[in-house]
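> what's the 3D shape of this:
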Amino acid sequence: MGSIINHIRCTTGTIGIQLLLLICAIALSACGSGGSGGSGGSVAGGGSSNLNRPPTANAGADQSVFELTTVNLQGSGQDPDIGDTLTYQWTQIAGQTVTINKDNMTNANFMGPDVIFNVPEVLTFELLVSDGNVGSYMTDTVDITIHEPHVTVSGNIQYEFVPPNSNCKGLNYDEILIRPIRQATVEIIDDTTGDIIDTTVSNDVGEYSFKIPRHTMAFLRVRAELLRTEASPSWNVQVRDNTANNNSPLLERPLYMLDSTVFDTGNGNLDITRNLTATTGWDGTSYTDVRAAAPFAVLDMIYSVMLVILTEDSQADFPALDVFWSINNSTVEGDGTHYENIASGEISGSFYDRKKLFLLGMADDDTDEFDDHIVVHEWAHYFEDNFSRSDSLGGEHYFGESLDMRVAFGEGFATALSGIGLNNPIYCDTYGAGQDRGWRMDIENDNVGFAGWFNEISIQNLIYDLWDTNNDGADNDSLGFGAIYNVMTGAEVVTPAFTSIFSLISELKTQNPGRDTFINALLVDHNITAAGIDIYGSTETNNRGDAADVLPIYTNAQIGTPFEICSNSQFDNGRIGNKLSEHRYLILDVNSASALTLTVDNKNPPSQPSTDFDCTADINDPENHEHSDPDIVIYQNGNIISEGTSCEPNREVMTSPILSGRYVIDIVEHRYLDDDSPNSFPEQSCFDITITL
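Sure thing, here's the model as predicted:
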């Protein structure tokens, strides 16, 4: 107020003096200093002019910087009191210890420490600002995150897919398609040490991305695997070579991998793009290079059908599946079972067995890596095995044959699912010299053989028509895949009958009331009796053209009441044992828990064994394959409860464990499964059957 008072004194008289006194009084009051002995007041209230107010402190914004570079700490402070002199002090309070230069100035610095790649470290610093008065200071902190400098390496991984020619007459190498490798494990590897720097998974368009250290010689590796195990949905699919390192256990044989060339990540100033394509190895006339595309094509087909399952069940967990493909896998049967010959590749054909899928790959013989329907067909057997239930006997079969009901259903469902999973009803199988031959089938429309519940063609047509939305004759509606999936993963798993088209359709009708007209029309269209259909096919009238020993599908067995049933190989020319009428089914209700004795005697045995007969000791003696050998297997809800499979000539006698409830029983003449049985063995074997307590 000093300058104001002096100015008034120079320009006023008596009135001016009075005004001056008033202004002074107001000024003193505003300064908090009025009256006799008045002093003090709080800092916040603007008390006496000799009370101090603390300064402010600002340590600056948090930073993210590279290691081994100079990092500037940019602080500041302000003091509300005129004339105070501020001092500064930087102190590190967290993280790897560093030396702070100019630690008593607003702008200090330090050298960023060396940190582990992909493990950034946070250093915390505190700035203290003081105005020189005791206890009058303020602090603020700043976090500095230290990273190792990196380079972004990204790109697309792809594979070449060879489509079929028109009408599936071989593969069309002139029209190769480029497809993304989806959801595969991608690694980036230090070429100097061999260490894996980082791992990721490609997305659904084949993209990947890494951040890796500068000045590193590295290469990409794509593993032929779908691996997701940390949460639902989960899966683990690996494609291996069953003929490599064949002295090691099967599941330890080498996984297929695709490696890039080695590259230098440089100084980090520029991101790096690395695209990688798995090629077919075809030079225009033959395979002359590594057939790198094959395992990734197989992997991608499996992923496609998995997505169909995930559409209905987004949290589905897929049990581990090992796929074995090799350039040595041929149609040669070898001299034993599939498993005795897999090391050499003599597998005879693509097949699924016990969470293992084997695929043909021998050039100029039969290659299945680009025959997507075949791959998904075999995967469908994996689905039945792990998500549903299959009572199929398996074995060799051809389209249009009259098959055991269980085999017809399993194969028909698998083919239908291949069309559904690939959204394509045209099923191709290519083979031959130069992969230039093949055949096609329309899953929805083609008909081969005698239509009915025993023909896999009828089953695949029917299931595909239940799913698809095309209006085609009797197919004028759609239940969608969800309805089929719900039955296959629910009621079908626990059905007391054998799995068949009857068990599927009966439950579909139960779960989809009001759709009977549509479902019945499809059944009739495929020569399956619709009226009164149940899980046992009790009302079925299609006996395959008045063939013997086909109907009834199940025979009701009574304890203590003898009956006759016949096993008939009329549709089996190859001693395969999986054709219609060879296996005959019984229904047995055990109302009181009991152990039972089942006796099966051939009514008219074709021969009698010698008195010193011993089938165990003389298994290769031709005489041991001339007599009848009935077998018995008891099931409950798909589980084998007891078996009678002795080699006693012309009869089988077995004692069951304690039984209670409903069972289905399979009776078969074992000679129809026996490659060594003579051609003269009769086509029909009839048995007297007795079940006693």
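> can we go C-alpha only for contacts and neighbour counts from here?
Will do.
> so for stretch 470-489, what's the average pLDDT?
What stretch 470-489 shows for mean pLDDT is 92.
> Would you mark the buried spots in it?
474-475, 477-479, 481, 483-489 (16 or more other Cα atoms under 10 Å).
> okay, now the nearest residue to residue 119 once chain neighbours are set aside: neighbour count?
Nearest residue to residue 119 in three dimensions, chain neighbours excluded: residue 147, at 7.4 Å (Cα to Cα, 6 or more residues apart in numbering). If you count neighbours by other Cα atoms under 10 Å, residue 147 ends up with 22.
> can you tell me how far residue 147 sits from residue 110?
Using Cα to Cα, to the nearest Å, we find residue 147 at a distance of 15 Å from residue 110.
> Give the residue spans of the stretch 151-300 of the chain that score low on pLDDT.
Across the stretch 151-300 of the chain, the ranges flagged by pLDDT under 70 are 268-269.
> Now, the buried residues of stretch 470-489 that are in helices?
481, 483-488 (DSSP state H).
> any chance of those residues in TSV, plus distance to residue 259?
Output for those, formatted as TSV (distance: Cα to Cα, whole Å):
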residue	distance to residue 259
481	39
483	43
484	41
485	39
486	42
487	43
488	40
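> of these, closest to residue 251?
The closest of those to residue 251 turns out to be residue 488 (Cα to Cα; 29.1 Å).
> which residues sit in contact with the closest residue in space to that closest one that isn't next to it in sequence?
Take residue 488 and drop its neighbours on the chain: the residue closest to it by Cα to Cα, 6+ apart is residue 388, 5.3 Å away. Shown in contact with residue 388 (Cα atoms under 8 Å, 6 or more residues apart in numbering): 488-490, 492-493.
> now do residue 381
352, 390, 410, 414.
> In this structure the last one contacts residue 382, no?
No. Residue 414 is not in contact with residue 382 according to Cα atoms under 8 Å; the separation is 9.4 Å.
> For the two, indicate the residue with more neighbours.
Using other Cα under 10 Å, the more surrounded residue of residue 414 and residue 382 is residue 414, with 27 against 24.
> and the more buried one, which of the three is it?
Here residue 414 is helix, with the state taken from DSSP: H, G, I helix; E, B strand; the rest coil.
> Quickly note the distance from it to residue 360.
Taking Cα to Cα as the measure, residue 414 falls 18 Å from residue 360.
> sorry, back to before: can you put the buried residues of stretch 470-489 in TSV and add distance to residue 690?
Formatted as TSV, these follow (distance: Cα to Cα, whole Å):
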residue	distance to residue 690
474	45
475	46
477	48
478	47
479	44
481	44
483	42
484	39
485	40
486	39
487	36
488	35
489	36
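> nearest to residue 499, of those residues?
residue 488 (9.8 Å).
> Relative to residue 383, how far out is the closest one?
Between residue 488 and residue 383 the computed distance is 10 Å (Cα to Cα).
> Would you check how far apart the residue nearest the centre of the chain and residue 178 are?
With distances taken as Cα atoms, centre = their mean, the residue of the chain nearest its centroid is residue 235 (3.6 Å). The gap separating residue 235 from residue 178 is 25 Å, by Cα to Cα.
> Outline the domain layout of the protein.
1-51, 56-147, 388-542, 554-692 (automatic domain parsing).
> which residues in the stretch 251-400 of the chain form strands?
Using DSSP state E, counting those that start in this stretch, the strands of the stretch 251-400 of the chain run over residues 257-259, 263-264, 272-273, 276-278, 321-325, 351-353, 356-359, 361-362, 366-367.
> would you list the ones you listed in a markdown table and tack on distance to residue 651 and mean neighbour count?
Converted to a markdown table, the strands of the stretch 251-400 of the chain look like this (distance: least, Cα to Cα, whole Å; neighbours: other Cα atoms under 10 Å):
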| stretch | distance to residue 651 | mean neighbour count |
| --- | --- | --- |
| strand 257-259 | 55 | 18 |
| strand 263-264 | 73 | 14 |
| strand 272-273 | 73 | 15 |
| strand 276-278 | 59 | 22 |
| strand 321-325 | 41 | 23 |
| strand 351-353 | 31 | 18 |
| strand 356-359 | 36 | 22 |
| strand 361-362 | 44 | 23 |
| strand 366-367 | 43 | 28 |
